[in-house]
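>>> got a structure for you, letters missing:
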């Protein structure tokens, strides 16, 4: 199995910055896509930013130019630098990893989630 642990959420005023980090551990053969989603109360979970192992990125239109994703493949970590935060960025942010897992019989692909970290932006 694979465990994802997030850190770095909190309360910040509009216009401020936060940095989220996520570390993956467990029976990891490789992590393919890794990144961040968010879910606000009463809303569906949405992609924020993800990065492939090759460095390709995909951002939600709402965060382009404000958020930057980075990744350390050797350490199985991903970070999200969030600048110019807005109240509408308030949500639980969840780390996600599409992972090839080492198993006794044969490796398999799985999607894993962290427990989430709260980001609250006050106006």
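All right, it came through fine. Keep in mind the model is a prediction, meaning the values are calculated, not measured.
>>> quick one: stretch 82-101 to chain centroid distance?
Offset of stretch 82-101 from its chain centre (CA atoms, centre = their mean, to the nearest Å): 5 Å.
>>> Kindly report the same for stretch 85-105.
With CA atoms, centre = their mean, you get 4 Å for stretch 85-105.
>>> Helix or strand with the lowest mean pLDDT in this structure?
The weakest-scoring helix or strand in the chain, judged by mean pLDDT, DSSP states H and E, is strand 108-113 (a mean of 93).
>>> Show me what counts as buried in that one.
Within strand 108-113, the residues that count as buried by 16 or more other CB atoms under 10 Å are residue 112. C-beta coordinates here come from the backbone N, C-alpha and C atoms, glycine included.
>>> List the contacts of that strand.
1-4, 24, 32, 94-101 (CB atoms under 8 Å, 6 or more residues apart in numbering).
>>> again, but for stretch 44-54
So stretch 44-54 is contacted by 30-39, 57-60, 63, 67-71, 73, 78, 80, 93-94, 96 (CB under 8 Å, 6+ apart).
>>> which helices and strands does the helix or strand hosting residue 23 pack with?
Secondary structure assignment for residue 23, by DSSP states H and E: strand 18-26. If contacts are counted by 3 or more CB pairs under 8 Å, 6 or more residues apart in numbering; DSSP states H and E, strand 18-26 sits against strand 2-7, strand 28-39, strand 77-82, strand 91-101, strand 117-122.
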